[in-house]
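Participant: what's the 3D shape of this:
(one chain, ligands or ions: 1)
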Amino acid sequence: MTPGRSKLTLALALMLVPVLVTVTASFACAQTSGTPAAFPVTQGKTYRLEKVAEGVYFATGVPGSNSVVIVNDQDVLLVDDGTSPAAARALLADIKLVTPKPVRQVVNTHFHYDHTAGNQVFGPEVEIIGNQFVRTAIQTFDVMHREPYLTSQGNRVPALIDTLTKQIAAEKDAAKKADLQRQLVSAQAELRALQEIKPVPPNVTYDSKLVLQKGSREIQLLFLGRGHTAGDTFVYLPKEKIVCTGDEDEGARLAYMGDAYFDEWIATLDKLKQLDFNLVLPGHSVAFRDKSQITAFQSYLKDFIAKGTALKKQGVSADDAAKKIDLTSHAKDFPQIKEPGADPRGMRRLYAWLDETGRK
Ligand SMILES: [Zn+2]
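Facilitator: Numbering: from 1, shown residues only. So this is what the prediction gives:
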C-alpha cells in the first residue's frame with residue numbers, strides 16, 4: 001500500500017464510521033494485510049508477496065482483494081487478478097520480483113469485480129478460468145451497475161471526491177489543505193482506475209471440478225456448492241495442503257452476502273472442511289490455519305439467517321432489520337463487529353432468498 005493509499009483508507013474509514021458503523025465490515029475495499037505467521041516476504045512496489053510454499057506466493061497489502069501466485073515448471077497461474085486493470089498490472093510488475101515466468105492462467109474465484117477486474121489486461125494466450133456461472137454472470141448481470149460494485153466503488157469514490165473538494169475549499173490551514181489535496185489526487189486516480197474496467201468473462205469454464213497438472217504440481221479447481229455466489233471456486237493444492245477460498249471464507253473478516261445462498265453456503269463450507277489442508281489463503285484479510293475459523297463463520301451465518309428470518313416475520317423491513325440485527329455475540333471471532341447491525345445488502349439478499357425459497 002502506498003502512503004497516499006493509506007491516508008485515503010484512513011480518511012475513508014474515519015468518514016465512513018459514523019454512517020456505516022459495522023457495515024465497513026463487508027466493504028469490498030476493506031483493509032487487507034499480511035499473514036501473521038512468519039513466511040519470507042518480498043515487498044513489491046504495490047503488493048506484499050509472502051512465500052507460503054515452494055513457488056506459492058500470497059499477494060496482499062492492497063485495498064482490494066488478495067491474489068495467489070502459483071509458479072509452475074513452465075509458467076504462472078494466478079488466483080484472482082485485482083480490483084482494477086491497474087491493480088492487475090501492478091501485480092504483474094511485482095511478480096517479476098519472484099519469477100521471470102509468464103502468467104498463462106488466471107482463475108477467477110467468483111464474478112465480483114474485485115476478483116475479476118484485471119481480466120482485461122491479459123492477451124489471448126492467457127486462459128481465464130472460472131466456474132460456468134462466472135461467465136454467465138459477467139455476460140448478463142451488468143456488473144458495473146449493480147452491487148457489490150455500486151456501494152463499494154461506483155457511488156463511493158465520486159462522493160468522496162465531492163466531499164474532499166468541499167473540504168479543500170473550506171479549509172484555512174495550509175498543511176491540512178495540502179493533506180486533503182493529496183487525498184483528492186489519490187481518489188481521482190482511484191476513480192480513473194475504476195473507469196478503466198471493462199468486464200471480461202472467463203474464456204475457459206468448468207462445472208464441478210477441473211484438475212490442472214502443471215509439471216510436478218497438481219492444482220484442483222473445485223465447485224463445492226453455492227454459497228457466497230452461485231459459482232465460487234476453491235483452488236486446492238493437495239500436495240502443499242493449501243486452499244484458496246476466495247470470498248467463501250475470509251477467516252476473521254465477514255464476507256459480502258449480497259449474492260448469497262445462505263443455507264447452501266453453510267453446507268459448502270462443510271465440504272470445504274473435509275479437504276485435507278493446513279493453510280487457507282482467503283480473498284480478503286489474512287491467511288489462517290485453523291478450521292475452527294470456518295466453523296465460526298458458519299455459526300455467524302446460521303445466526304444471521306435465524307435472526308433475519310425472525311425480523312422479517314415481525315414485518316420489519318430489510319433495511320431496518322439490517323440496523324437492528326444483533327450479532328455482537330460473534331464479535332470474539334469477527335472483531336469488526338462493534339455493535340448491532342449488518343450490511344443492508346446482505347439483509348436485502350436474505351429477504352429475497354427467503355421469498356425465493358418459500359420460507360416463512
Ligand atoms: Zn465476493
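
Participant: From now on I want contacts and neighbour counts done on CA atoms only, so please keep to that.
Facilitator: Fine.

Participant: Once you drop chain neighbours, what's closest to residue 181?
Facilitator: Closest residue to residue 181 apart from its sequence neighbours, by C-alpha to C-alpha, 6 or more residues apart in numbering: residue 168 at 6.9 Å.

Participant: avg pLDDT for the helix or strand harbouring the one you found?
Facilitator: Residue 168 is part of helix 156-170, with elements assigned from DSSP states H and E. When pLDDT is averaged over helix 156-170, the result is 94.

Participant: so how far is residue 182 from the residue nearest to residue 181?
Facilitator: 10 Å (C-alpha to C-alpha, to the nearest Å).

Participant: Name the residues of the helix holding residue 168 that are buried.
Facilitator: Within helix 156-170, the residues scored as buried using 16 or more other C-alpha atoms under 10 Å are 157, 160-161, 164, 168.

Participant: which of those residues lies closest to residue 207?
Facilitator: Closest approach between these and residue 207, by C-alpha to C-alpha: residue 157, at 35.7 Å.

Participant: Looks like the closest one contacts residue 191 (just checking).
Facilitator: Yes: under the criterion of C-alpha atoms under 8 Å, residue 157 makes contact with residue 191 at 6.3 Å.

Participant: Distance-wise, check the residue nearest to residue 135 when sequence neighbours are not counted relative to residue 304.
Facilitator: Nearest-residue entry for residue 135: residue 201, 4.9 Å, with adjacent residues in sequence omitted and distances by C-alpha to C-alpha, 6+ apart. To residue 304, residue 201 is 32 Å away according to C-alpha to C-alpha.

Participant: repeat for residue 98
Facilitator: 42 Å.

Participant: Between those two, which has more neighbouring residues?
Facilitator: residue 304 (21 against 15; other C-alpha atoms under 10 Å).

Participant: so what's that one up against?
Facilitator: Going by C-alpha atoms under 8 Å, 6 or more residues apart in numbering, residue 304 touches 325, 327.

Participant: For the host helix or strand of it, which residues meet the burial criterion?
Facilitator: Element membership for residue 304, per DSSP H and E: helix 292-313. The neighbour-count check on helix 292-313 (16+ other C-alpha under 10 Å) flags 293-298, 300-305, 307-309, 311-312 as buried.

Participant: chain center to the very next helix or strand once past it: distance?
Facilitator: Going down the chain from helix 292-313, the next helix or strand is helix 318-324, by DSSP H and E. In terms of C-alpha atoms, centre = their mean, to the nearest Å, the centre of helix 318-324 is found 24 Å from the chain centre.

Participant: And for stretch 93-100?
Facilitator: Relative to its chain's centre, stretch 93-100 lies at 23 Å (C-alpha atoms, centre = their mean).

Participant: Over to stretch 262-277?
Facilitator: Counting by C-alpha atoms, centre = their mean, stretch 262-277 comes out at 18 Å from the chain centroid.
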